[in-house]
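A.B. asks: everything below, folded, please.
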Amino acid sequence: MKKLLLLLSIIAYSNLIAQYNYEPSTEYPYGRLNPEAPEQTADYAPIIGACKCKSVARVNQTTWADTVMMRWTFKYIMNGMAVQDQTLKADGVHSGSIRQYNADSSNWYVHYYSTSAATPTLSAWSGNKVENGDIVLYKDQTAPNGMEGFFKIVFSNISEDGFNWTGAWVDKTESIVYPTWRIYCDKLE
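C.D. replies: Residues are numbered from 1 along each chain as shown. Presented below is the predicted three-dimensional model:
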């Protein structure tokens, strides 16, 4: 009886695993896009995989910090229905995001987390891939002087070879743009 139960458990587990063909695996270490996912889930397809990156952040209004080397990895998760990324930085401040496309609102929702501060509520950006191929995301953010605006993230120069990333505070009309962080990535794999 125990052998029969063990055999049935193994068969049930094998069937369960077979249902999740798009998860990261030995054959596909970064997962695969699920054909049932919203087509926009492929927006990140060129950068799925691992990249070697240079990260530069602003210290104050006139000074940029030294370049920090980092590895930025993107993979499909949730059986190919979403994208997760993770940074491993030489300065020890690691981070990641979960990226889901909501077809009802026609928006990407990106939830960010970091080792620099564990929070009960994750920061969230929303946006889309735009006509020139960039992926542009926004989060409401007030400037230190009280001016209403956004923290705007732009993935640009996206290709199979890598991408650039810029984080900037912008006013509501985007006539004021204040870059605070830049990352330049080359694909490793």
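A.B. asks: now do the helices in the protein.
C.D. replies: Listed in chain order, the helices of the chain (DSSP state H) span 2-18.
A.B. asks: so where is it shaky, pLDDT-wise?
C.D. replies: Along the chain, the model assigns pLDDT under 70 to residues 1-18, 189.
A.B. asks: so Glu23 sits right up against Ile77, yeah?
C.D. replies: Yes: contact criterion Cβ atoms under 8 Å: Glu23 and Ile77 qualify, at 7.4 Å. Placement of C-beta: from N, CA and C, glycine included.
A.B. asks: so what sits against both of those two?
C.D. replies: By Cβ atoms under 8 Å, 6 or more residues apart in numbering, Glu23 and Ile77 have these common neighbours: Gly31.
A.B. asks: buried ones in stretch 141-161?
C.D. replies: Within stretch 141-161, the residues that count as buried by 16 or more other Cβ atoms under 10 Å are Gly149, Phe150, Phe151, Lys152, Ile153, Val154, Phe155, Ile158.
A.B. asks: what's next to that stretch, contact-wise?
C.D. replies: For stretch 141-161, contacts defined as Cβ under 8 Å, 6+ apart pick out 46-47, 110, 125, 127, 133-140, 163-172, 174, 176-178, 186-187.
A.B. asks: check stretch 122-136 too.
C.D. replies: Identification of contacts with stretch 122-136 by Cβ under 8 Å, 6+ apart yields 40, 43-44, 105-113, 137-139, 151-156, 158.
A.B. asks: want to throw the buried residues of stretch 141-161 into TSV with distance to Cys53?
C.D. replies: As requested, these are exported to TSV (distance: Cβ to Cβ, whole Å):
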residue	distance to Cys53
Gly149	26
Phe150	23
Phe151	19
Lys152	19
Ile153	14
Val154	15
Phe155	12
Ile158	14
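A.B. asks: restricted to strands, list those residues.
C.D. replies: Using DSSP state E, Gly149, Phe150, Phe151, Lys152, Ile153, Val154, Phe155, Ile158 are the members of the buried residues of stretch 141-161 that sit in strands.
A.B. asks: thinking again about what came up before, of the contacts of stretch 141-161, select the buried ones using a PyMOL command.
C.D. replies: Selection of buried members from the contacts of stretch 141-161 for PyMOL, criterion 16+ other Cβ under 10 Å:
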select buried, resi 46+47+110+125+127+134+135+136+137+138+163+165+166+167+168+169+170+187
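A.B. asks: count of neighbours near the closest residue to Pro24 other than its chain neighbours?
C.D. replies: Among residues not flanking Pro24 along the chain, Gly31 sits closest, at 4.4 Å (Cβ to Cβ, 6 or more residues apart in numbering). Using other Cβ atoms under 10 Å, Gly31 is surrounded by 24 other residues.
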